[in-house]
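Participant: Just need the structure, nothing else, for what follows:
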Amino acid sequence: MCRSTELCGFRARYGTAYKFLAGGKYIVVLSTPATIFNFLQNSAKALDVVEFQMIGIITGITNRSRMPYLYSIVEHKALIAFAHGMARRTYVQSAVSFSLDLQKRLLAHLGGKSEVTVSLLDFVQKCIFTSNTVALLGPHFDVDVFDDFMKFDDGIPMILRRIPILSRPGIQGREAVVNKLSDYVRRRWRDEDGGYLEGASDVISDVVRELKTADMSHMEMIRLLNGFLWGTHSNHMRMTFWVMAYILTDKDVFSCINAEIQTALGNKFANVDAFLNMDPATLDGPDFNLLTSAVTEVLRLTALPASFREVLNNTTIAGENGEYIYLKKGEYVTADVRGMHLDPTIYDDPETFKVDRFLNNEGMYRYPNEKTFAVFGGGSHVVRNS
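Facilitator: Got it, this is the predicted structure:
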């Protein structure tokens, strides 16, 4: 499939809506706010998701006939349970656990010294993965699985391309994580009180409960859970790395954000520990406008959401200025979100990182228009509570 840089080239040459032939199928690419928004909002009556075809490749579930059913369970049961668990009123348990564990691991890197030199990528990946694992699965899960997880994560491109030799390390890493996860769930699952995973967060217990009550084997459940956790870890690690990279490589940006954080801590919290134990929704307040704008800007520049739909019947999608994009049965449709995020008619100097891009004239954060900012997808398949 085409890389994002190639899509940018296609967009410049052929316009904001075009199609190309790949693997014997026509793929229609949309990249304007109206077409992307309408595409993501389109019901499954005309456009059907094809992501379920990837579940088996990523998770290692080999029975293809099971994919539509398993995908429906993930989408309509597991994801809803996860969304409920991560809603603002219920995610405090996991977030506070994550923050406290992360602080401990960050301080451990210093080892009592005033400063140390570390690889930002390695530092972020291991700390985020480990703290995420503790927050979601509990302190009893083997966090030493990190190396196996990274083999799996690094091997995903080769696994998706189904290249036997090059995908082997990734598959081996995945299987090692699956085996440890399987053993952990067998040992820690309790049937009392409706069923829960002892020591794990409520949100993971809810997800496992939904998977266990569905018509699937233990290993199907574990492989789906592993795929679920892989997405959570991978997205969190990537996002954190890029936020830190953009902030740390610009001294002025770092100084301004550091001053904002220090001011907020001094005005509202007795110390860092008190801050970390607070409801994370505190971060959504006016005390962290610049930091929130920075995170949003990094998402605009780095997020690469991908969503494909298969055209079930001849149909149209409304575009700009009353125009319509005609789609034929059997074609595939995708949104070039990055092309929209780098469109100079939407964002001024779009390829430049502007830390205050999402602040108004009073310095208050303003959430971007959902029609021109689509880092989490949209419609019925949006990344919920993102």
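Participant: what about Gln93, distance to Asp279?
Facilitator: Distance of Gln93 to Asp279, given as CB to CB, to the nearest Å: 11 Å. Any C-beta I mention is one placed from the backbone N, CA and C, and that applies to glycine too.
Participant: again, but for His109
Facilitator: 27 Å.
Participant: Can you give the contact residues for stretch 188-199?
Facilitator: With contacts defined as CB atoms under 8 Å, 6 or more residues apart in numbering, stretch 188-199 is touched by 137-141, 185, 200, 202, 204-205, 208-209, 212.
Participant: Give the rounded mean pLDDT of that stretch.
Facilitator: The pLDDT scores in stretch 188-199 average 93.
Participant: and Asp343, what does it touch?
Facilitator: Contacts of Asp343 by CB under 8 Å, 6+ apart are 31, 350.
Participant: how about it, secondary structure?
Facilitator: coil (DSSP: H, G, I helix; E, B strand; the rest coil).
Participant: Kindly report the same for the one 4 residues further on.
Facilitator: Of the three states, Tyr347 takes coil under three-state DSSP.
Participant: That one is in contact with Arg300, isn't it?
Facilitator: Yes: using CB atoms under 8 Å, Tyr347 is in contact with Arg300, at 7.3 Å.
Participant: Please report the distance of the spatially most central residue of the chain from Gly266.
Facilitator: The structure's the chain has its C-alpha centroid closest to Asn235; by CA atoms, centre = their mean the separation is 3.9 Å. For Asn235, the distance to Gly266 (CB to CB) stands at 32 Å.
Participant: same check, this time on Arg64
Facilitator: 58 Å.
Participant: Compare these two (neighbour count), which wins?
Facilitator: Just comparing Arg64 and Gly266: by other CB atoms under 10 Å the higher neighbour count belongs to Arg64, 12 against 9.
Participant: which residues touch the more buried one?
Facilitator: Contacts of Arg64 by CB under 8 Å, 6+ apart are Gly56.
Participant: same check, this time on Glu320
Facilitator: Each residue near Glu320 by CB under 8 Å, 6+ apart is listed here: 16, 32-35.
Participant: try 6 Å this time
Facilitator: The neighbourhood of Glu320, defined by CB atoms under 6 Å, 6 or more residues apart in numbering, consists of 32, 34.
Participant: count of neighbours near Gly112?
Facilitator: 6.
Participant: isn't there a strand covering it?
Facilitator: No: under the criterion used here (three-state DSSP), Gly112 is coil, not part of a strand.
Participant: thinking again about what came up before, between Tyr347 and Arg300, who's got more neighbours?
Facilitator: Applying other CB under 10 Å to Tyr347 and Arg300 shows that Arg300 carries more neighbours, namely 24 against 20.
Participant: Tell me how far the residue nearest to that one when sequence neighbours are not counted lies from Leu304.
Facilitator: Excluding the flanking residues, the one nearest Arg300 by CB to CB, 6 or more residues apart in numbering is His341, at 4.9 Å. Separation of His341 from Leu304 (CB to CB) stands at 10 Å.
Participant: more neighbours, these two?
Facilitator: More crowded of His341 and Leu304, by other CB under 10 Å: His341, with 23 against 11.
Participant: Secondary structure class of the residue nearest to the centre of the chain, three-state.
Facilitator: Assignment for Asn235 (three-state DSSP): helix.
Participant: what's the spacing between it and Ile73?
Facilitator: Asn235 is 21 Å from Ile73, where distance means CB to CB.
Participant: Also Ile222?
Facilitator: Applying CB to CB, the value for Ile222 to Ile73 is 14 Å.
Participant: Who has more neighbours out of the two?
Facilitator: Neighbour comparison, Ile222 and Ile73: the larger count goes to Ile222, with 25 against 19 (by other CB under 10 Å).
Participant: Just give the nearest non-adjacent residue to that one, would you?
Facilitator: That would be Ser182: by CB to CB, 6+ apart, it lies 4.6 Å from Ile222.
Participant: Looks to me like Ile27 is in a strand.
Facilitator: Yes: checked against three-state DSSP, Ile27 lies within a strand.
Participant: bridging residues for it?
Facilitator: Beta-bridge pairing of Ile27 under DSSP bridges involves Phe20, Tyr332.
Participant: Model confidence for it, exactly?
Facilitator: 90.
Participant: Go ahead and confirm it touches Tyr332.
Facilitator: Yes: contact criterion CB atoms under 6 Å: Ile27 and Tyr332 qualify, at 4.8 Å.
Participant: What ranges in the stretch 251-386 of the chain fall below the confidence cut-off?
Facilitator: 282-283, 376-386 (pLDDT under 70).
Participant: can you rerun that using 90?
Facilitator: Along the stretch 251-386 of the chain, the parts satisfying pLDDT under 90 run over 261, 264-287, 303-313, 315-325, 334-339, 369-371, 374-386.
Participant: Likewise for the stretch 1-150 of the chain?
Facilitator: In the predicted model of the stretch 1-150 of the chain, residues 1-25, 30-56, 64-65, 67-68, 71-72, 74-76, 79-119, 122-123, 139, 142-143 satisfy pLDDT under 90.
Participant: Mind jotting down where the helices sit in it?
Facilitator: For the stretch 1-150 of the chain, the helices defined by DSSP state H, counting those that start in this stretch cover 4-14, 33-41, 52-59, 67-73, 79-85, 92-110, 120-137, 146-161.
Participant: Out of those helices, which is closest to Met239?
Facilitator: helix 120-137 (9.0 Å; CB to CB).
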